[in-house]
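J.: the following block contains a protein sequence and its predicted model.
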Amino acid sequence: MITVDDIVRMIESHRYAFTTEAGLQAGIEAVLEGRGMDYERERRLDEEGRDRIDFYLPELRLGIEVKVGGSFAAVTRQLLRYASCEYVDVLMLVTSRSRHLAVPDRLGGKPVRVVFLAGGLA
């Protein structure tokens, strides 16, 4: 059975060429597809459709959010909203911003993993 740690290793071991968040999302999607992972893109987390997480892996009940910008406070608030979703058990933030490394390891009682990808510009 695959674990969240396996997903972290998959994402960290890939070389990404991106200048935008959409470019990084495309790279992560290629990694997930290349490993045959079952995932949903832009999964709606609330009835209104305001909150959409970039990737949702139902087998792990894992939500993955990708950020190449945004303030620490804004990203943390967004993840806290996502943590309130009943079918998300674990959150992962994939980011190219070192300031996001300070995101707490738990939000709303749920574990948060931060994957920092330095560089990325091609």
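T.: Alright, I've got the coordinates.

J.: does Asp46 touch Cys85 like I think?
T.: Yes - the criterion here is C-beta atoms under 8 Å, and Asp46 meets it with Cys85 at 7.4 Å. In short, each C-beta sits where N, CA and C put it, glycine included.

J.: the two - which one has more neighbours?
T.: For Asp46 versus Cys85, neighbours defined as other C-beta atoms under 10 Å are more numerous around Cys85 (20 against 12).

J.: quick one: contacts for that one?
T.: Counting by C-beta atoms under 8 Å, 6 or more residues apart in numbering, Cys85 touches 45-46, 51, 63.

J.: how about the strands in this protein?
T.: Remark: strands assigned in the chain by DSSP state E are 40-44, 52-57, 62-67, 90-95, 106-107, 110-116.

J.: do you know which of those strands lies nearest Thr76?
T.: strand 106-107 (7.3 Å; C-beta to C-beta).

J.: chain center to the closest one, what's the gap?
T.: With C-alpha atoms, centre = their mean, to the nearest Å as the basis, strand 106-107 stands 14 Å off its chain's centre.
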